[in-house]
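Visitor: Prediction below, plus the sequence it came from.
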Amino acid sequence: MSEIEKQTFKILLADDHSLIRQGVLFLLDDLDESFETFQVSNLKQILEKISQIKIDLAIIDAHFPDGNSISILAEIKKISPETKILIFTGIDEDSNALKYIKAGANGFLSKMSEEEEIMKAILKMLHEGEYISATTQALLLNSMRNPKLINPLMVLSERELQIAKMYAIGNGNLEIANLLEIKQNTVSTIKKRIFEKLEIDNIVELIELIKENDQ
């Protein structure tokens with residue numbers, strides 16, 4: 001394909017650290033592709049840019065000062081279904097890749113990856129619409145055998161999940177005990193068990209888990 005015929009990709013670089021955005025730009029310059037880039041540094045700006053411009057590929061960090069990007073993936077897909085999303089982050093792939101892909105991301109890549117791998121991932125995202133690393137492929141296969149990997153709430157019993165959701169909407173121990181007609185110390189015991197199973201320490205983390213995983 002000639003330079004005139006070559007598609008010009010619109011790429012959004014979303015990271016609150018300018019050095020990361022510049023690093024990705026340097027790698028893009030080494031690709032034999034025509035592209036136009038846009039840079040943003042928070043979740044609000046991501047949604048604004050996606051609404052304003054037909055973005056082909058959004059390369060997005062996991063965490064921003066105004067929140068976790070997993071919270072806006074569904075909205076990005078609603079605004080622009082054709083936009084492909086690559087999560088490019090420093091958080092652990094083993095424990096996070098599946099939930100981001102489930103939430104709508106088309107790929108997940110560690111910032112610790114070699115430059116060659118990053119360039120390969122970007123090219124696959126541009127031309128094939130997804131990038132699944134060997135690590136994430138293994139996680140996907142394992143999740144078929146063990147659904148708890150992709151939805152941590154599945155470790156809870158039906159009663160535990162019911163009470164977890166009641167906590168998440170703001171009910172306290174006494175309210176839950178009255179609504180379910182059980183003892184308050186029973187509720188406290190179940191709450192402790194919920195926290196242990198989900199490996200969390202507080203209600204804020206519980207609310208986030210339910211928001212991300214409850215269908």
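Guide: Sure, I can see it.

Visitor: what sits against the residue positioned nearest the centre of the chain?
Guide: Central residue check for the chain by C-alpha atoms, centre = their mean: the C-alpha nearest the mean position is that of residue 100, 3.0 Å away. When contacts are counted by C-beta atoms under 8 Å, 6 or more residues apart in numbering, residue 100 touches 62, 70, 73, 87, 108. C-beta coordinates here come from the backbone N, C-alpha and C atoms, glycine included.

Visitor: And the chain, what are its domain boundaries?
Guide: By the assignment in automatic domain parsing, the chain contains the domains 8-145, 151-213.

Visitor: possible to save the ones you listed as TSV with mean pLDDT?
Guide: Formatted as TSV, those follow (pLDDT from 0 to 100):
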stretch	mean pLDDT
domain 8-145	93
domain 151-213	90
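
Visitor: ranking those domains by burial, who's on top?
Guide: domain 8-145 (a mean of 17; mean count of other C-beta atoms under 10 Å).

Visitor: Over to residue 108. Which of the three states is it?
Guide: Using DSSP: H, G, I helix; E, B strand; the rest coil, the secondary structure recorded for residue 108 is strand.

Visitor: thinking it is in contact with residue 136, fair?
Guide: Yes. At 5.8 Å, residue 108 and residue 136 qualify as touching, with contact defined as C-beta atoms under 8 Å.

Visitor: which neighbours do those two share?
Guide: With contacts taken as C-beta under 8 Å, 6+ apart, residue 108 and residue 136 have 93, 97, 101 as neighbours in common.

Visitor: just those now: which is nearest residue 20?
Guide: Among the shared contacts of residue 108 and residue 136, residue 93 lies closest to residue 20 (C-beta to C-beta), at 16.8 Å.

Visitor: Against residue 126, how distant is residue 6?
Guide: 11 Å (C-beta to C-beta, to the nearest Å).

Visitor: Would you mind listing the residues touching both of the two?
Guide: By the contact definition C-beta under 8 Å, 6+ apart, residue 6 and residue 126 are jointly contacted by residue 33.

Visitor: Figure out how far stretch 71-85 is from the centre of its chain.
Guide: Here the centre of stretch 71-85 is set off from its chain's centre by 11 Å, with C-alpha atoms, centre = their mean, to the nearest Å.

Visitor: what sits up against that stretch?
Guide: Defining contact as C-beta under 8 Å, 6+ apart, one finds that stretch 71-85 is touched by 43, 46-47, 50-51, 54-58, 60, 100, 103-107, 125-126, 129-130, 211.

Visitor: so where does the residue nearest to the centre of the chain fall, helix or strand?
Guide: Using DSSP states H and E, residue 100 sits within helix 93-103.

Visitor: Kindly format the C-alpha coordinates of that helix as CSV.
Guide: Output of helix 93-103 as CSV, limited to C-alpha atoms (Å, rounded to 0.1, in the frame of the first residue of the first chain):
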residue,chain,number,x,y,z
GLU,A,93,-1.4,-8.7,34.7
ASP,A,94,-2.1,-12.0,36.4
SER,A,95,-4.7,-10.5,38.8
ASN,A,96,-6.1,-7.7,36.6
ALA,A,97,-6.1,-8.5,32.9
LEU,A,98,-9.2,-10.6,32.9
LYS,A,99,-11.4,-8.1,34.7
TYR,A,100,-10.3,-5.3,32.3
ILE,A,101,-11.0,-7.4,29.2
LYS,A,102,-14.4,-8.4,30.7
ALA,A,103,-15.2,-4.8,31.2
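
Visitor: Perfect, I'm done here.
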